[in-house]
Structure formats: C-alpha cells, structure tokens
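Asks: got a predicted structure here, sequence first:
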Amino acid sequence: MLVGLLAGAVLGLIAKSLFGEAPWLEALIANVAYPLGQIFLRLIFMVVVPLVFSSLVLGVLEIGDVKQLGRVGFKALVYSLFASAASVIIGIALVQLVKPGAGIDAQTRDKLMAGFAKQSDKAIANAKAAKPMIESLLDLIPKNPLQAAVEALQGEMLALMVFAVLFAVAYSRVRDEENEALRNVLVGVQKASMRIIDWAMSLAPFAVGALLFSVTARTGFALAGGLGSYVLVVVLGLAIQQFVVFFAVLKVLGGVPPLEWWRRVREVVLTAFSTASSNATLPTSLRVSEEKLGVQPRIGTFVLTVGSTANQNGTALFEGVTVLFLAQVFGVDLTLGQQVSVVVMAILAGVGTAGVPGGSLPLIVLVLQSVGIPPEGIGIILGVDRFLDMCRTVINVTGDLVAATVIAKSENALKF
C-alpha cells in the first residue's frame with residue numbers, strides 16, 4: 001500500500017508538471033484511475049452499514065453488563081471531548097502565531113473563491129438545509145431505522161448507531177438459547193462483511209495508487225501557492241496532536257510504547273490517508289485493534305464503531321484553524337467571546353461529523369455564518385481540502401485506536 005501510495009502521488013505530480021491540462025491526461029484520470037479507486041471505495045462502503053450494525057450489537061452483547069457498557073461509553077465520551085479540545089487549542093494557537101491568512105491579498109482571495117464557486121455554493125446550500133439543534137438531537141432516535149441505514153453515509157450514521165445500541169441492550173435482556181440464532185446471524189453478517197473487505201484490500205495497492213494519482217495529477221503543486229502557510233499550520237497541528245498528545249496519552253494512560261504502537265497501526269494510517277474516510281477505514285481498524293494491538297473485541301468493537309463517527313479530533317482541529325484563517329483573510333477581528341465560540345463549536349463539530357470525504361464543510365459554513373465571516377469564503381480552501389481531508393482522517397482514526405487502547409487498558413481488556 002505504501003509503495004502504491006507513493007507511486008501514485010509521484011506519478012501524478014510528474015504528469016501534472018509535464019502535461020498540465022492535457023485532454024488525454026484528464027481522460028486517463030476520468031476513465032482509468034478514478035474508476036479503479038472508486039471500485040475499491042465502493043466495495044468498502046457497501047458493507048459499512050451491515051458491519052456497523054452487526055459489530056455494535058455484538059460489541060454490546062460481549063460487554064453484557066449494561067453498567068459496564070455505560071462506563072465504557074462514558075470513558076469514550078470523556079476521551080473524545082478531551083482529545084478534540086486539545087486538538088482545537090493546538091490549531092488555534094498555531095493560527096494566532098503564524099497568521100497564515102494575513103499573507104493572502106484581496107486579489108488572490110477573490111481568484112481562489114471564483115475558482116470553486118460551484119462547490120462553495122453546494123456547501124452553503126447543505127449548511128442551510130441543516131436542522132435546528134433540538135431537531136438534530138431528536139433525530140438521534142430514528143423514526144425509521146431502515147431509513148437511517150439508507151442515509152447512514154450521508155450523515156445519519158449516529159442515528160443508526162443509537163438504534164443498534166438500544167436494540168442490543170434490549171436483546172441482551174431477552175436473549176436465551178431459543179433466540180440465540182439472531183446472534184449467530186449477526187456473527188455471520190460481520191464475518192461476511194469482513195471477507196468482502198479482505199477482497200477489497202487485495203486491490204488496495206493499485207487502488208490507493210490510482211486515488212493518489214487522480215488527486216495529484218489534477219492539483220499538482222497547488223499546495224505551494226498562496227495557501228501554503230494555511231496547509232502548513234493544519235498539518236503541523238495534526239502532527240502535534242498525533243506525536244505529542246496521542247503519544248503522551250498512550251504512554252501515560254495506556255502503558256504502551258508509542259513508537260511500537262504506531263508501527264502496528266501503519267496499515268490503518270495508510271488506509272485512512274488514501275480513502276479520506278473514517279467509515280471506510282473502520283473495517284481495517286477493527287481488525288488491527290484486535291490482531292495487532294491486543295484490544296479485546298468487547299471493547300474495541302464498541303469504541304471504534306462509535307468513534308468512526310463520534311470522535312473526529314482531526315476534523316475539530318481543521319475546522320477551528322479554517323475559521324480563524326478565513327477571519328484573517330477577510331480582515332474580521334474576532335472578539336475573545338467569538339473565538340471561544342469557535343473553539344466550542346469546533347469541539348462539538350468534532351463529535352458527529354459524517355465520516356466521509358468533505359463531511360465537515362457544511363459545519364464550517366455554519367460556524368463562519370455565526371461569527372460574521374462570508375460563508376462564500378469556504379471556496380478559498382476547497383482547492384487543498386482533499387489533501388487536508390486525507391491528513392485529518394489519519395488523526396481521526398488513530399485517535400479512535402488510541403481511545404480503544406487506553407479504555408481497554410482501564411477495563412483490563414488489553415494484551416499489547
């Protein structure tokens with residue numbers, strides 16, 4: 001996978017540098033590289049819903065005790081809030097120090113916005129369609145679980161998870177030898193889903209190369225332009241979160257050597273970076289946590305499945321940095337109260353953001369509107385969003401694995 005990733009990225013950059021916007025290059029991307037990458041992604045996304053439902057139900061049944069389930073869930077929530085708060089504070093501190101938005105003049109700003117006008121309009125429309133907070137909370141209990149499953153990859157994953165947990169708790173109370181067949185069915189669904197994932201992963205070296213080729217052949221060295229400082233701040237913040245905060249948590253709370261832990265999860269890192277999707281990486285995370293980290297399934301299955309949607313530390317950092325960056329670009333001087341508001345909203349946005357590429361953009365638009373920054377400004381960062389999405393997804397999924405490791409340690413369910 002690493003060879004495929006590097007080969008695809010380098011070949012894409014070379015193609016962009018030598019041939020630019022050549023029609024045959026775009027045809028190669030559209031008709032060969034992009035479809036190959038999409039076959040890989042669709043094979044994975046195809047089984048995300050049955051895998052999430054079966055894994056959550058089986059995870060709750062493995063835990064057994066409802067009190068223990070509540071304890072594990074509480075620990076996961078506390079960890080998620082702590083990790084997201086740390087990431088947002090790191091990101092915002094770097095923005096205030098580097099001030100990446102001060103280097104973009106009005107002409108460059110308008111040019112960037114014009115280049116991605118259609119995509120920014122779509123993000124704004126999605127943000128306007130967002131439901132009020134009370135309605136969103138109510139929708140966590142779905143009227144129709146099947147509808148929640150159908151729309152899971154468009155933002156309804158949390159509702160499906162709530163149904164799965166409630167169903168599992170209820171089933172654990174009525175479970176006996178006569179209806180044990182249902183558990184066997186769920187075990188079969190989980191195993192079949194994982195087998196399809198194995199088939200998809202056999203394509204991974206080629207598909208990952210195709211995905212990276214598609215991205216770099218279209219963007220080239222665009223990251224080195226006016227947005228270079230912004231990209232650097234986001235990546236640096238993510239690196240600090242990964243190699244300082246997460247490593248410290250692993251050492252202190254998990255009692256495991258961070259570098260060895262990192263070596264064991266490298267397959268997850270590569271999958272997350274290439275797919276830019278927490279949901280698509282979930283099957284790999286589940287397998288690696290059990291086989292290579294020694295996290296017992298009763299803890300890993302629950303924490304990782306919920307965390308794929310509800311623990312988005314990298315996304316929280318990205319959103320906080322982006323809002324303050326755009327405030328600098330537009331010359332909007334945010335008050336201390338508004339900056340605190342950005343921090344709080346970024347932390348909350350890190351819980352429940354859709355775990356799919358670009359899932360955080362509508363939430364950024366909402367935050368921009370709340371602090372008086374033109375929402376159309378989202379178009380400025382769309383040219384580099386795919387790359388940053390790949391980077392923050394790595395933090396999202398490794399953050400889930402850190403949570404699974406430390407929570408398993410606290411529950412005596414870790415054999416590292």
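Replies: Right, received. Where do you want to start?

Asks: who touches stretch 19-31?
Replies: Here stretch 19-31 makes contact (Cβ atoms under 8 Å, 6 or more residues apart in numbering) with Ala15, Lys16, Phe213, Ser214, Ala217, Arg218. C-beta here means a position set from N, CA and C on the backbone, and glycine is covered the same way.

Asks: for the last one, which non-adjacent residue is closest in space?
Replies: Closest residue to Arg218 in three dimensions, ignoring its sequence neighbours and counting by Cβ to Cβ, 6 or more residues apart in numbering: Ile29, at 6.7 Å.

Asks: quick check: the one you found vs Thr271, distance?
Replies: 22 Å (Cβ to Cβ, to the nearest Å).

Asks: ok, back up a step: which of the contacts of stretch 19-31 has the most neighbours?
Replies: Most neighbours among those, by other Cβ atoms under 10 Å: Phe213, with 27 neighbours.

Asks: buried stuff in the helix or strand that contains that residue?
Replies: In the assignment (DSSP states H and E), Phe213 maps to helix 204-219. Buried residues in helix 204-219, counted by 16 or more other Cβ atoms under 10 Å: 204-219.

Asks: hmm, back to that, looking only at neighbour counts, state which of Ile29 and Thr271 leads.
Replies: Ranked by neighbour count (other Cβ under 10 Å), Ile29 and Thr271 place Thr271 first, with 26 against 20.

Asks: what pLDDT, on average, does the helix or strand in which that one is found get?
Replies: Assigned by DSSP H and E, Thr271 belongs to helix 266-275. Model confidence over helix 266-275, given as mean pLDDT, is 89.

Asks: that helix to helix 204-219, inter-axis angle?
Replies: 40 degrees (axes from the mean of the first three to the mean of the last three Cα atoms, to 10 degrees).

Asks: show me what helix 266-275 is in contact with.
Replies: With Cβ under 8 Å, 6+ apart, helix 266-275 has contacts from 1-2, 5, 41, 44, 204, 207-208, 211-212, 278, 280-281, 284-285, 288, 357, 390-391, 393-394, 396-398, 401.

Asks: same thing but 6 Å
Replies: Residues outside helix 266-275 that contact it (Cβ atoms under 6 Å, 6 or more residues apart in numbering): 1-2, 5, 208, 211, 281, 284-285, 288, 390, 393-394, 397.

Asks: next, the buried residues of it.
Replies: Buried, per 16+ other Cβ under 10 Å, within helix 266-275: Glu267, Val268, Val269, Leu270, Thr271, Ala272, Phe273, Ser274, Thr275.

Asks: do stretch 12-29 as well
Replies: Buried residues in stretch 12-29, counting neighbours by 16+ other Cβ under 10 Å, are found at Gly12, Leu13, Ala15, Lys16, Leu25, Leu28, Ile29.

Asks: hmm, which two among those residues are most spread apart?
Replies: Farthest-apart pair in these is Leu13 and Leu28; separation 14.7 Å (Cβ to Cβ).

Asks: okay, and the helix or strand of the chain with the least pLDDT?
Replies: Here the helix or strand of the chain ranked lowest by mean pLDDT, DSSP states H and E is helix 117-128, holding a mean of 70.

Asks: what pLDDT, on average, does stretch 12-30 get?
Replies: Across stretch 12-30, pLDDT averages out at 85.

Asks: that one: end-to-end distance?
Replies: End-to-end span of stretch 12-30 (Cα to Cα, to the nearest Å): 13 Å.

Asks: chain center to it, what's the gap?
Replies: Mean-position distance between stretch 12-30 and its chain equals 29 Å (Cα atoms, centre = their mean, to the nearest Å).

Asks: can you list the buried residues in the stretch of helix or strand Arg42 belongs to?
Replies: If you go by DSSP H and E, Arg42 is part of helix 34-46. For helix 34-46, a neighbour-count test (16+ other Cβ under 10 Å) marks Tyr34, Leu36, Gly37, Phe40, Leu41, Leu43, Ile44, Phe45 as buried.

Asks: closest one of those to Leu293?
Replies: For the buried residues of helix 34-46, the nearest to Leu293 is Ile44 (20.8 Å; Cβ to Cβ).

Asks: surely that closest one meets Ala200?
Replies: Yes. Contact criterion Cβ atoms under 6 Å: Ile44 and Ala200 qualify, at 5.2 Å.

Asks: show me the shaky parts of the stretch 51-200 of the chain.
Replies: 112, 115-117, 123, 126-133, 136, 154-156, 177-179 (pLDDT under 70).

Asks: of all the residues in stretch 161-169, which ones are buried?
Replies: Buried, per 16+ other Cβ under 10 Å, within stretch 161-169: Met161, Val162, Phe163, Ala164, Val165, Ala168, Val169.

Asks: what's the helix or strand for Lys75?
Replies: helix 66-98.

Asks: check the gap between the residue nearest to Arg218 and Glu260 for me.
Replies: Ile29 is 39 Å from Glu260, where distance means Cβ to Cβ.

Asks: hmm, who's touching stretch 244-258?
Replies: If you take Cβ under 6 Å, 6+ apart as the criterion, stretch 244-258 is touched by Ala86, Trp261, Val402, Thr405, Val406, Lys409, Phe416.

Asks: for Ala159, list the residues it contacts.
Replies: Asp139, Leu140, Pro142, Ala148.

Asks: now the residues you listed as JSON lines including distance to Val384?
Replies: What follows is these, written out as JSON lines (distance: Cβ to Cβ, whole Å):
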{"residue": "Asp139", "distance to Val384": "32"}
{"residue": "Leu140", "distance to Val384": "33"}
{"residue": "Pro142", "distance to Val384": "35"}
{"residue": "Ala148", "distance to Val384": "33"}
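
Asks: mind giving me the ChimeraX select for those residues, buried ones only?
Replies: One line in ChimeraX is enough to select the buried ones among those; burial here means 16+ other Cβ under 10 Å:
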select :139,142,148
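
Asks: from the contacts of Ala159, which two are the most distant?
Replies: With Cβ to Cβ as the measure, no two of the contacts of Ala159 lie farther apart than Leu140 and Ala148, at 9.6 Å.

Asks: may I see the buried residues of stretch 405-416?
Replies: Those would be Thr405, Val406, Ile407, Ala408, Lys409, Glu411, Ala413, Leu414, Phe416, for stretch 405-416 by 16+ other Cβ under 10 Å.

Asks: for it, what is the average pLDDT?
Replies: 91.

Asks: ok, stretch 298-318 next?
Replies: Stretch 298-318 comes out at a mean pLDDT of 86.
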